[in-house]
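K.L.:
how does the following fold in three dimensions:
(2 chains)
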Amino acid sequence: MSTTLKPAAPTTTTAPRRPGPLALAARQGRLEIRQFLRSRESVVFTMGFPIIMILIFAAIFDDEIGPGVSYTQYFITGMIATGLMTVSFQNLGIWIPIERDRGVLKRLRGTPMPKWVYFAGKVIMVVAIGIAETALLLAVSVALFDLELPGTAAKWFTFAWVSVLGVTACTLCGIAISSLARTARSGSAVVTPVALVLQFISGVFFVFTSLPSWMQQVAALFPLKWMCQGLRSVFLPDAFGTQEPGGSFELGRVALVLAAWCVIGLLLCLGTFRWTTRRDG
Amino acid sequence: MHDELAISVRGLRKSYGGNPAVAGVDLDVRRGEVFALLGPNGAGKTTTVEILEGYRQRDDGTVRVLGSDPADPAPDWRSRVGIVLQGTGEFDELTVAEVVHHFAGFYAGADDPDKVIERVGLAGKARARTHTLSGGQKRRLDVALGIIGRPELLFLDEPTTGFDPEARREFWELIRDLSAAGTTIVLTTHYLDEAETLADRVGVISSGRVIEVATPAQLGNRQDAQATVSWRTPDGTAQSAQSATPTALVAELAARFGGEVPGLTVTRPTLEDIYLRMIGHR
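P.N.:
Down below sits the predicted model:
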C-alpha cells in the first residue's frame, strides 16, 4: 500500500492589512476611553465633581432668582457647561502633558500612525465621557431638583449645537494649552486656575448679571460664558432671556463666539503642539 | 540609489543655543549590518540618532535613511523603521498586551503581537499594567514596540540599560535573530562588551564628531597593539612585559623555566582600553 503524502497546506502569510483611517480613529478612541475609565481618580473627579457641586449649592442656596426659576436650576445649566469644560479642556490640559512626559507621545510619533489619529482618539473620548457625564447630571437634576428637560425639538437642537461647539472649542484649547506645561506635574497647575477663574467670572457659581460689569466683559471674551448662556436658553423659561445682559439669550452671538474659539483653538494646536518635552529638543 | 547603504550621513550639524552637539558627523551604515555607536554622555549620540529617526531637525548636512530624508520622509518610511528610544515609556493603565496589540495596528505588516511579547520575554507580564513593570521590563516593552512592525532598520538607543546580566544575554540573542533575518540595526550603548558581541562595526563619537569607524577587532589598531605577557618569577613576584612578538617571548620564557611558566597570561588591550584611550581618558 502506498500512501500519498498530501502536500502541506501552503502557509499563506497574508500580511494583516492596516485598519483604514476610520477604524484607526475608532481603535484610538476605544483605547483612550478604556484608559480614562481605568484611572479611578479621573472618573470620580470628572463625573462626580459637578454632581457634588450641585448637591452642595442646592443645599446652601434655595431662593428664586426670577419668576419660576430657582437658583439651583440656574446653577445646573452652569454646571453642565462646566462639566463639558472639565471633560475636554481640563482633562486634556492635564493628561496630555503627562503622556508627553512619560514618552507616550514620542513613541506614537515614531510609528506610522497619522498624527490626527491621536487627536481623533482624544475627541472620541471627550465626546463619550461628555455625553455620559451630562446624562448623569441631567438625571440627578431631574430627579432631585425639578429640572425640566427641553420640551421641543428646537430646544434639543440648541442643546446639541451649543454642547458640540462648546466641547469642540474647549477640546482644541485643552490640546493647545497642554503645550504650555513643561512637565507632567505642571499640567494641572496651568489648567486648574484658568478653569476656576473662568467658572467664577462666567456665571457658573453666581448669577452672571450680578457680577461687576468689567468682569462680565472679560468673561464674554471666553467660551464658558457663552456655553452657560446657550444652555440657559435650553433649560430656563424663555421669559428669563430678558434678564440676560443682552436682553435675550443671543443665540447667534453664542454660535459666533464659540465658533471663533474653535478656529483660535485649532490654530493654536497646529502652531504649538509638541510631541516631545522641551528638554527633548 | 545607494541600495547597499541603509544610512548615509554627511556633514551633519546640530547646535543647541550656540553649543554644537553634533559638529560634522559623517557616517555610513550598510544594509544588514549591526552598527554600534559608542561615545561618552553628551558626545552627540542621541542627538545624531534622533535626527536619523526624524525626531529632531538638523542645522546642516545631508541625511539619507532608507533612501529618505528623515525630515521629510516617504509615506511608508515610518513603517520601515523601528525605534527604541532612550529611557523608558509608560502607558499608565494599559496592559502590556493592550499596548503591543494597539501598536501592531499601526503597521500593515505587523508581527504577531503575542509572539513578540514572548520574544522579548514578557509573556508572563502580558496582562500586567505597564506602570507596574520594573525598569528592565519596561525596556523590553519598548523593544517589543520597536520590532512589532517588522522594521528593515531598527534603532536602539541604550537598549539594555537596567537589564540584569541574564536579560542582556537574552536581548543579545534577540538582536542576533533579528540581524540574521536581515534587519539593519543601529545601536548606541555604554557597554563595550555589548558592542563587541553584537556589532559588525563600531563608530566612536566624541565631542560631536565620529572619530573612528572600524570592526570591534580593529578599532584603534587594536589588532596591532602590543600584547602584555605576565608571569611570576620563581620567588613569586609578578613580572610583565609589552611585546609585539608575544609568542617568541613565551617560547623564551618556556625555555628559561624549562617547561611550564608560572602564572602565564597573554593579553591584548580590551575594546574598553582602546575606547577609553580614544576618547581621551587613561
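
K.L.:
sketch out the low-pLDDT regions of the stretch 1-150 of chain B for me.
P.N.:
Within the stretch 1-150 of chain B, the stretches with pLDDT under 70 are B:1-3.

K.L.:
likewise the stretch 151-281 of chain A?
P.N.:
Looking at the stretch 151-281 of chain A by pLDDT under 70, you get A:279-281.

K.L.:
list the contacts of the residue lying closest to B:L38 once chain neighbours are set aside.
P.N.:
Excluding the flanking residues, the one nearest B:L38 by C-beta to C-beta, 6 or more residues apart in numbering or on different chains is B:V204, at 5.0 Å. For glycine as for every other residue, the C-beta is placed from the backbone atoms N, C-alpha and C. By C-beta atoms under 8 Å, 6 or more residues apart in numbering or on different chains, the residues touching B:V204 are B:L38, B:G39, B:V210, B:I211, B:E212, B:V213, B:L219, B:Y275, B:M278, B:I279.

K.L.:
cool, A:W156 as well?
P.N.:
A:P150, A:V234.

K.L.:
run the last query once more with 10 Å
P.N.:
Contacts for A:W156 (C-beta atoms under 10 Å, 6 or more residues apart in numbering or on different chains) come out as A:L149, A:P150, A:V234.

K.L.:
quick one, phi/psi of the first one?
P.N.:
When you say that, I think you mean A:L149. phi -70, psi 150 (degrees, to the nearest 10).

K.L.:
for the strand or helix carrying the residue nearest to B:L38, what is the distance to the chain centroid?
P.N.:
Here B:V204, judged by DSSP states H and E, is contained in strand B:201-206. Strand B:201-206 sits 10 Å away from the centroid of its parent chain (C-alpha atoms, centre = their mean, to the nearest Å).

K.L.:
mind listing the strands for the stretch 51-200 of chain A?
P.N.:
A:64-66, A:69-70 (DSSP state E, counting those that start in this stretch).

K.L.:
over to the stretch 151-282 of chain B?
P.N.:
B:153-157, B:184-189, B:201-206, B:209-214, B:227-232, B:238-243, B:265-267.

K.L.:
nearest to B:G124, out of the ones you listed?
P.N.:
strand B:153-157 (23.0 Å; C-beta to C-beta).

K.L.:
the closest one close to chain A?
P.N.:
Yes - contact of strand B:153-157 with chain A (C-beta under 10 Å from any C-beta of the partner chain) involves B:F155.

K.L.:
sorry, back to before: most neighbours among the contacts of A:W156, which one?
P.N.:
A:V234 (22 neighbours; other C-beta atoms under 10 Å in any protein chain shown).

K.L.:
looking at this, it is in a helix?
P.N.:
Yes - with DSSP: H, G, I helix; E, B strand; the rest coil as the criterion, A:V234 is assigned to a helix.

K.L.:
gap between the closest residue in space to it that isn't next to it in sequence and B:T189?
P.N.:
Using C-beta to C-beta, 6+ apart and skipping the chain neighbours, the partner closest in space to A:V234 is A:F159 (4.5 Å). Relative to B:T189, A:F159 is positioned 59 Å away (C-beta to C-beta, to the nearest Å).

K.L.:
mind listing the residues bridging to the residue positioned nearest the centre of chain B?
P.N.:
Central residue of chain B (C-alpha atoms, centre = their mean): B:L187, 3.1 Å from the mean position. Assessed by DSSP bridges, B:L187 has beta-bridge partners B:A36, B:L156.
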